[in-house]
Every structure is written in C-alpha cells, then in structure tokens.
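Peer 1: The sequence and its predicted three-dimensional model are supplied below.
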Amino acid sequence: MMIKKESIIVLSGGLDSTTLLYDKQAEIGLAVTFKYGSNHEANEIPCAAYHCQKLGIEHLIIDLDFMSRMHSSLLSGAEDIPTGTYGEDNMKSTVVPFRNGVMLSIAGAIAEDRGLKRVLIANHFGDHAIYPDCTAAFIKGMNAAIQAGTYNAVEVAAPYTGINKEEIVAIGTRLGVDYGHTWSCYKGGDKPCGVCATCQERIEAFRKNGITDPLEYINE
C-alpha cells in the first residue's frame with residue numbers, strides 16, 4: 001500500500017535532518033530549507049538540494065534575512081564558534097533565538113496552504129540542554145499552537161526527540177544515507193574543522209557505531 005505524501009520536512013542539509021528525510025521519504029511531499037545567515041549555510045544548502053534531487057522530493061529554499069541580524073556566534077563568524085565538548089556552557093553562544101519556532105511556523109503555514117498534514121523536524125535528545133526550542137516541551141507546545149491555528153490541524157512531528165546522534169547515525173547507516181553529502185561544522189569553510197563541538201559530536205557518533213565518517217576534517 002502506497003503511503004500518501006502528506007508531510008513537509010524542515011531540512012538543513014545536516015546529518016540529523018538528512019537522516020529523517022530518508023527515514024520518512026515515503027510520506028514527504030516537500031522539503032523546506034531556511035537560509036538565515038549561518039556560517040555554514042553555504043555548505044549545508046547544497047547538501048539539502050543534493051538529497052532532495054536524489055529522492056525526487058520538491059525542495060524550497062526560503063530566505064529569512066532578518067534572522068541574520070540576531071546575536072549568535074552561529075551568525076557572527078567562524079572565529080566565534082566554540083571548540084570542545086557539546087554541552088550547555090560551551091554551546092550556548094550558538095543559540096539563534098527561537099529559530100525552530102520561526103521555521104516551524106512558516107512550515108506550518110506552507111503545509112496548510114498545500115493541504116499537507118504534518119511538519120517533520122529532526123531535533124534530538126543531545127540538543128535539549130542547549131537549545132530551548134529543541135525540547136519535547138517546546139515541540140508539544142508548537143504542535144498545539146499550529147494545530148489550533150490551521151484549518152486542517154497541521155501536526156508537528158519530531159521523531160528523534162528522544163534519541164541521540166549516535167542512534168541517528170545508526171538509523172541512517174541502515175538506510176544507506178550518503179553522509180559524505182551532509183555537513184555539521186558550525187565554522188563553515190572548505191572542510192569541516194574537526195575541533196568545534198558539532199564536529200566533535202558527529203565524529204564521536206560515527207566512532208561509537210564502529211564506522212568511519214566519510215568527511216575529511218582539517219583536524220581530528
């Protein structure tokens with residue numbers, strides 16, 4: 001039985017959302033990537049486009065220029081991105097205020113306009129202590145708000161909320177995701193740095209799965 005394509009996905013081109021794209025591809029009718037001035041969007045956006053083309057999924061890129069004027073090391077330059085472990089004290093500077101709230105609101109509006117029933121987002125357990133708009137409580141609240149504010153009661157679904165990046169890599173590996181066309185490094189550049197917290201988290205997730213990350217790092 002063919003699954004009806006009734007979902008839209010918020011797709012960055014990073015490891016998590018790309019895995020979710022493949023995991024739920026049978027139900028995804030549209031992928032939306034938001035351009036908001038991050039240090040690494042020039043690396044991520046082509047990855048998002050690559051996978052959508054490969055899977056035959058329509059892909060929209062939406063410019064959120066106003067967000068580039070917010071205060072976050074994710075927006076201010078590679079030199080401001082913290083190195084070391086992926087934890088609250090180290091990563092708090094990378095928070096872009098209410099980023100997922102803005103993106104989910106827009107995705108919910110597009111879903112209603114297109115007659116789609118669900119918005120997919122790939123926040124995961126490792127994000128909870130750092131980003132308030134990645135928690136289960138936030139997803140629950142946004143789901144209630146978007147359902148109440150749309151005629152077709154658009155649902156927000158975040159199936160990776162309770163798992164970590166190691167488990168996401170395991171899912172993607174089973175699905176055959178080409179992780180060579182994903183990006184995680186918050187510094188951007190020609191190659192991932194290997195020392196920022198997002199690189200470290202990614203490297204560790206592959207290591208714990210006993211596989212090699214296909215990306216070549218400057219430092220590892």
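Peer 2: Looks like it arrived, so ask away.

Peer 1: drop to CA atoms for contacts and neighbour counts, all remaining ones
Peer 2: Noted.

Peer 1: Residue 178: what's it in contact with?
Peer 2: Going by CA atoms under 8 Å, 6 or more residues apart in numbering, residue 178 touches no other residue.

Peer 1: Show the pLDDT at it.
Peer 2: pLDDT recorded at residue 178 is 98.

Peer 1: Kindly report the same for the one 4 residues further on.
Peer 2: The predicted local distance difference test score for residue 182 is 98.

Peer 1: and the gap between it and residue 48?
Peer 2: When distance is defined by CA to CA, to the nearest Å, residue 182 is 8 Å away from residue 48.

Peer 1: same question, residue 174
Peer 2: In this structure, residue 174 lies at 20 Å from residue 48, with CA to CA as the measure.

Peer 1: Counting by contacts, list what the longest strand seen in the chain packs against.
Peer 2: Using DSSP state E to define each element, the chain has its longest strand at strand 28-35. The helices and strands touching strand 28-35, judged by 3 or more CA pairs under 8 Å, 6 or more residues apart in numbering; DSSP states H and E, are strand 7-10, helix 41-55, strand 58-63.

Peer 1: right, and these - which one's nearest residue 69?
Peer 2: With distances scored as CA to CA, the stretch of those nearest to residue 69 is strand 58-63 (13.1 Å).

Peer 1: who touches the closest one?
Peer 2: Looking at what lies outside strand 58-63 - CA under 8 Å, 6+ apart - the contacts are 29, 30, 31, 32, 33, 34, 35, 36, 49, 52.

Peer 1: With neighbour count and distance to residue 145 added, can I get those residues in TSV?
Peer 2: Rendered in TSV, the data for the contacts of strand 58-63 read as follows (neighbours: other CA atoms under 10 Å; distance: CA to CA, whole Å):
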residue	neighbour count	distance to residue 145
29	19	22
30	25	21
31	23	21
32	21	20
33	22	22
34	19	21
35	18	24
36	19	23
49	22	29
52	22	28
